[in-house]
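*Asks:* for reference, the sequence and a predicted model appear below.
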Amino acid sequence: MTPRPGRSDPAPPPPMPAVPAAPAALRLVVADDNPVVRAGLTALLSGRPDLTVVAEAADGRQACEAAELHRPDVVLLDVRMPGVDGLAALPFLVRIAPVLMLTYSGESETVREALRRGAGGYLVHGEFTADQLITAVRDVREGRAHLTPTAAGAVLDGLRHAPSATAHAPSPPNSAYSATDFPISAKNLSRMQPPVGQSSRFRLSVREAEIMDLIASGMNNQQIAATCFISEKTVKNHINRIFAKLHSTNRAEATAKWHGDGGDPR
């Protein structure tokens, strides 16, 4: 058919604007030895369209296994858990993903130690709302520290009462546990178990074993305080407990027993 003069075909409709794809949901691992807390956190976090819990863990070992398997965006980690606790697992987990401590443990020393070992934030239960938790997860994912009041107070208190020897002491290690020494794998996760040698023999905690190692290396209280980011008073308290557990009255005697040269504990 011949088109009529003065008329043309209608112009094609303009293309529809591209709709940006929704960002992928942040993938989380929740580690807490209390199953009720784990279930509550999982329900809360997975109820958000931009968050999803890919795994739960009941202790530090399970947290590391889950993180290695799922490669999450953030790990939510309790401090006190049986077997491998949160502080022991931290140096390994932070190599995989940012870690947000989520715990009832608000002791100043614990807060500072968690941050020293690489935690990106520290929330104490009872000091935040659900929305604040969500904000903290996103902040930690982006590298922004997030602390609840108790944790923030612990950091400020540590700065106010930092031992004067810090300025003269060697730079402290990033962690009492070197992640480069123990790469994460299913085969060597057993090395994260609490020490089964002298520390279990004398019933020393992980922190006490760390300080006993420093005593045995010849450090004085001031140097230990600077190395561990704690006050000299706290060092003295630890040493008193160590001496009691090793049935020792001085550093030389404690060191001999620690090295296995001083007889068995009573």
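*Replies:* Yep, it's here. This structure is a prediction, so every number in the text was calculated from the model and none was measured. Residues are numbered from 1 along each chain as shown.

*Asks:* contacts, neighbours, all on C-alpha from now
*Replies:* Noted.

*Asks:* next structured bit after the lowest-mean-pLDDT helix or strand in the chain?
*Replies:* Lowest mean confidence among the helices and strands of the chain (mean pLDDT, DSSP states H and E): helix 198-201, at a mean of 56. Where DSSP states H and E defines the elements, the next helix or strand beyond helix 198-201 is helix 206-216.

*Asks:* C-alpha coordinates for that following helix, PDB please?
*Replies:* Below are the C-alpha coordinates for helix 206-216, written out as PDB (Å, rounded to 0.1, in the frame of the first residue of the first chain):
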ATOM      1  CA  VAL A 206      44.800 -18.700  78.100                       C
ATOM      2  CA  ARG A 207      45.700 -15.300  79.400                       C
ATOM      3  CA  GLU A 208      47.600 -16.600  82.400                       C
ATOM      4  CA  ALA A 209      49.500 -19.000  80.100                       C
ATOM      5  CA  GLU A 210      50.400 -16.000  77.900                       C
ATOM      6  CA  ILE A 211      51.700 -14.000  80.900                       C
ATOM      7  CA  MET A 212      53.600 -17.000  82.300                       C
ATOM      8  CA  ASP A 213      55.400 -17.300  78.900                       C
ATOM      9  CA  LEU A 214      56.400 -13.700  79.200                       C
ATOM     10  CA  ILE A 215      57.600 -14.200  82.800                       C
ATOM     11  CA  ALA A 216      59.700 -17.100  81.600                       C
END
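
*Asks:* do me a favour and average the pLDDT over the helix or strand following that helix.
*Replies:* Downstream of helix 206-216, the first helix or strand assigned by DSSP H and E is helix 221-228. Averaged across helix 221-228, pLDDT comes to 77.

*Asks:* for helix 221-228, packing partners?
*Replies:* Helix 221-228 is packed against helix 206-216, helix 232-246, with contacts defined by 3 or more C-alpha pairs under 8 Å, 6 or more residues apart in numbering; DSSP states H and E.

*Asks:* can you give me the strands in this structure?
*Replies:* Using DSSP state E, the strands of the chain run over 26-31, 51-57, 74-77, 99-103, 121-124, 146-147.

*Asks:* pick the most buried one from the helices and strands packed on helix 221-228.
*Replies:* helix 206-216 (a mean of 18; mean count of other C-alpha atoms under 10 Å).

*Asks:* which residues of the stretch 101-250 of the chain score low on pLDDT?
*Replies:* 161-201, 227-229 (pLDDT under 70).

*Asks:* gap between Arg251 and Thr234?
*Replies:* The spacing between Arg251 and Thr234, counted by C-alpha to C-alpha, to the nearest Å, is 17 Å.
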